[in-house]
Structures are given as structure tokens and as C-alpha cells.
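[1] Dropping a prediction and its sequence here:
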Amino acid sequence: MTTDLNLTELELRAIGAELNLADGHPRQDLTKSQCDVVAQFPDLFWFSRQQIFSEIERKAQTAFLTALGQHMAPVQAGRVYSVYSSSVATMVLANALRGHRVAMLHPTFDNIHAILSKVVPVMSMSESEIAEIRFSDEVDKQATCLFITTPNNPTGWVLTQSALEGLCCYCLRKGKVLCLDVSFRGFDIRAQFDHYAVLERTGVEYVLVEDTGKLWPLQELKLGFLAVSEGFREKVHHCLSDVLLTVSPFLLQLVEVFSLDGAAGGFERLHALIAENRKMIVDALDGFEDIKVPDCDARISVCRLQLPTSLQAEKAYKFLTSRGVHVLPCRQFYWERPEDGARLIRIALARNKKVVAEFLSQFSMVLPNIRETRASGR
Ligand SMILES: Cc1ncc(COP(=O)(O)O)c(C=O)c1O
């Protein structure tokens, strides 16, 4: 049963499949300027061997974070730690949070919940509760840490600057730590206001998980970063030392060069591709009243489709999978109430347009099945 498997297990089934629109990893063709960088890999490799590690790391972190609007990032203060992926960052963070009680966003990518809940007690909070800074009694009274994914995967919901300011004040007043997973911020300029300026100004204790891994189709050559407030530096530093000496200076070098390319127009081209792919799906489903694209204003590299019933969603998922077309069911994102995601499937958009077009052609064969199921009342 797909409901027993986690999202990564389902994504694994899609690796090497005919049509993989399951994982949120970037699989589109490289742009011309990205190909030019790949052609320079040998030079970058030898260059990175000759540099001082701390210099390479500082330059990579600065290039990446400033390309995404994060000018006040605590790079200079030595409070950004490099890791091999955002999941590794979350694992380190979970260990640094031992003894805390964490309120985390529901729904969100299931591995965040899986990692945290093995180490700390976890309770849920919704996007609207966060936006309005109006929490359940349980969260308000018992949580010592809030963990928020912004932009959120799979919904594309974004924490606004004024909501972040309000949250910082709330956390400061209540003595709570604020943790943000901003892995998808590269897709959405609404998530690129200077978070660190807000966090540092208010003085809240914070940890941010940053991620290069959703942006560039580099065959999983990627890094995560943990950016922390002064009060969390020692804990995170120590927990990180349990698992890692340093990341690869070559990879840091790649992150710097791809960030510079992103800032010089690469991110705009990426945004255009994602917007075109999303529009292709929205346009194709225009006229099918029963099938909704619930997050029309989302900018991240995934798109949810809502089917009329959970049975139809399950049938559509199975039909597509049987034809080698892989997407994700959404129950697993709803780690507390899986039924809330039962009518939804998620389509990855960081793909070539022809992959999305092929998905739509396969999906069009599902539509008569949907009507048939409805007609017979099953
Ligand atoms: C919001 C979010 N954070 C972290 C991750 C984990 O990323 P990775 O598999 O590169 O560690 C994911 C995966 O999709 C995600 O959606």
C-alpha cells in the first residue's frame, strides 16, 4: 500500500522510471550558462584545492545567500554551517533541539516530521495559525520551539515579512526558538526579503535550514546550510561535529559559481520555466470543474491537483504509476491527519516542458475514469 510508504520511498520508485514527476529535485535541462560552468569543472576542482577552506566556504555562503536577498546573513560571524543536504541539516538541528517540545507546520514534507519526531515531541500547527500568530493552547503553552517550512512544500504558502516580524516578537515574549526550513525560497521572491535582518533585529533565538538542492540540475551535487543565532552556535557546532568535518571545497566552489549565475539571470530563467509548467497544467485542466489546482498562486517547483474524492485520487495515482508516470500522493504530507491529503496528488515542475506535456497527455486518460467512477457512485 502506498499509504505505508514515506514520500522518499515513493520517490525512489520513480528513479529511472519512464516519466518522473515525483521528487522535487531539479531534473530539467541545464541552461547554456550552466553548461558553460560544467565545462569548467576540472579548473574549479584544481582551483578549489589551492584555496583556504574557510575562504571558499565564506564566499560560497555569501554568494548563495545574497543571491536570495539575505544580506544580513550571519556569515561573517561564523554562524552558518555547511552540510551535504537540508535533511542532514535537519538531523543536526533535531539533535541540537533535544529537550525541546516542537510545534511544526502541518502539512509539510514528511521527512522533516520523521527526523524531528524521533528525537523530540512534536505537535502540529497550521499555515493560518502561523500567519495569524494565533495558536492552540497546546502550542502556546507547551511548545518551546516553532518549526516552519516557508515556502511550504507542497502548498507553496509563504510566511510574509510582517508575519515573521510578529512571530519573532511572539517567540521572544514566550521564550520559544524559531526554526525555518527555507529550502524552496529560491523559487519565490516573496520569500526573499531579508529574514536575517528581521531575526537579528528582534534578537529571537533561531535556526534556519537553507538548501541549494532544489535549484540546479546538478545530479545531486548540492549543499545545505544551517544558519543560527548566537545562542544556538555552540550546540549546533557540537552536534554537527558528530557527523561531519567539512563539506567538499569543490562543492562549495560550485555553489558560489551557480549562485552568481543565478543572480545574473539564472533564477529568473528558472522562475519562468516553473511558471510556464504550472500554467500548462492549469490551462489543460481549465474546464474540468471537478479537478482543482488549489495553490494557483504558488511559485515553488511543485503543483498540487485536487480530485473530487480520495478514491479517484488513488485510482489516478495507480493508473499513472502503472503506465510508468510517477507523481506523489499527498497523504504523507499530512503527517498528523493523512485523510486531509487523500484527494490530492503532487506534480513536480522542475522538469523540461515536454515531460509536463507528456504527463498531461497521460493524465487526460484518467479523466474519463473519474467521470465513470462518479457516474456509478463508487
Ligand atoms: C521543505 C523540504 N526540506 C527538506 C527537504 C529534504 O531535502 P533533501 O532530500 O535534499 O535533503 C525536502 C525534500 O523535498 C523539502 O521539501
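    Perfect, thanks for sending it.
[2] all helices of the stretch 1-150 of the chain, in order?
    In the stretch 1-150 of the chain, the helices defined using DSSP state H, counting those that start in this stretch lie at 7-14, 32-39, 41-50, 53-67, 86-96, 110-117, 127-132, 137-142.
[3] Could you single out the most deeply buried of those?
    helix 86-96 (a mean of 24; mean count of other Cβ atoms under 10 Å). To be clear about C-beta, it is placed using only N, CA and C from the backbone, and glycine gets the same treatment.
[4] dump the residue contacts of Cys168.
    Counting by Cβ atoms under 8 Å, 6 or more residues apart in numbering, Cys168 makes contact with 178, 198-199, 202, 204.
[5] Show me which residues of the protein sit near the ligand.
    Taking Cβ under 6 Å from any ligand atom as the measure of proximity, the chain contacts the ligand at 24, 85-87, 109, 111-112, 149, 153, 181, 183-184, 213.
[6] And the strands in the stretch 151-300 of the chain?
    In the stretch 151-300 of the chain, the segments counted as strands under DSSP state E, counting those that start in this stretch are 177-181, 206-211, 224-228.
[7] Tabulate those strands (JSON lines), appending mean neighbour count and mean pLDDT.
    Shown next, in JSON lines, are the strands of the stretch 151-300 of the chain (neighbours: other Cβ atoms under 10 Å; pLDDT from 0 to 100):
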{"stretch": "strand 177-181", "mean neighbour count": "25", "mean pLDDT": "99"}
{"stretch": "strand 206-211", "mean neighbour count": "26", "mean pLDDT": "98"}
{"stretch": "strand 224-228", "mean neighbour count": "25", "mean pLDDT": "98"}
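[8] Where does the stretch 251-378 of the chain get nearest to the ligand, which residue?
    The ligand sits closest to Val302 of the stretch 251-378 of the chain, with a gap of 8.4 Å, by Cβ to the nearest ligand atom.
[9] Pretty sure that residue sits against Arg351.
    No - judged on Cβ atoms under 8 Å, Val302 makes no contact with Arg351 at a distance of 10.5 Å.
[10] ok, the two, which is more surrounded?
    Taking other Cβ atoms under 10 Å, Val302 and Arg351 do not tie; Val302 has more neighbours (27 against 24).
[11] picking up where we left off before, is the residue of the stretch 251-378 of the chain closest to the ligand in a bridge, and if so with what?
    Ala348 (DSSP bridges).
[12] and it, what pLDDT?
    With respect to pLDDT, Val302 scores 98.
[13] Out of the residues of the chain next to the ligand, flag the one nearest to Phe47.
    Gly213 (22.8 Å; Cβ to Cβ).
[14] Quick check: pLDDT value at the closest one.
    98.
[15] how many neighbours does the residue of the stretch 201-350 of the chain found nearest the ligand have?
    Nearest to the ligand in the stretch 201-350 of the chain, going by Cβ to the nearest ligand atom, is Gly213, at a distance of 4.1 Å. Counted by other Cβ under 10 Å, the residues lying close to Gly213 total 20.
[16] Wait, it touches Phe184, no?
    No - contact criterion Cβ under 8 Å: Gly213 and Phe184 do not qualify, at 10.3 Å.
[17] ok so, going back, what's the residue of the stretch 201-350 of the chain closest to the ligand in contact with, if anything?
    Gly213 touches 25, 85-86, 183, 220, 222-224, counting by Cβ under 8 Å, 6+ apart.
[18] Include distance to Glu9 when you put the contacts of Cys168 into CSV, please.
    Shown next, in CSV, are the contacts of Cys168 (distance: Cβ to Cβ, whole Å):
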residue, distance to Glu9
Leu178, 31
Val198, 37
Leu199, 35
Thr202, 39
Val204, 36
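[19] Sitting in helices, which of those do you find?
    Among these, the members falling in helices (DSSP state H) are 198-199, 202.
[20] Poorly predicted segments of the stretch 1-150 of the chain, please.
    Applying pLDDT under 70 to the stretch 1-150 of the chain flags residues 1-3.
[21] burial measure for Val198, as a count.
    18.
[22] Pull up the gap between it and the ligand, please.
    20 Å (Cβ to the nearest ligand atom, to the nearest Å).
[23] Scan this structure for its longest helix.
    Using DSSP H to define each element, the chain has its longest helix at helix 267-285.
[24] same for it, what does it pack against?
    Under the contact definition 3 or more Cβ pairs under 8 Å, 6 or more residues apart in numbering; DSSP states H and E, helix 267-285 sits against strand 302-306, helix 353-364.
[25] that older thread, now, which of the ones in helices among the contacts of Cys168 sits nearest Arg278?
    When these are compared for distance to Arg278 (Cβ to Cβ), Val198 wins out at 28.7 Å.
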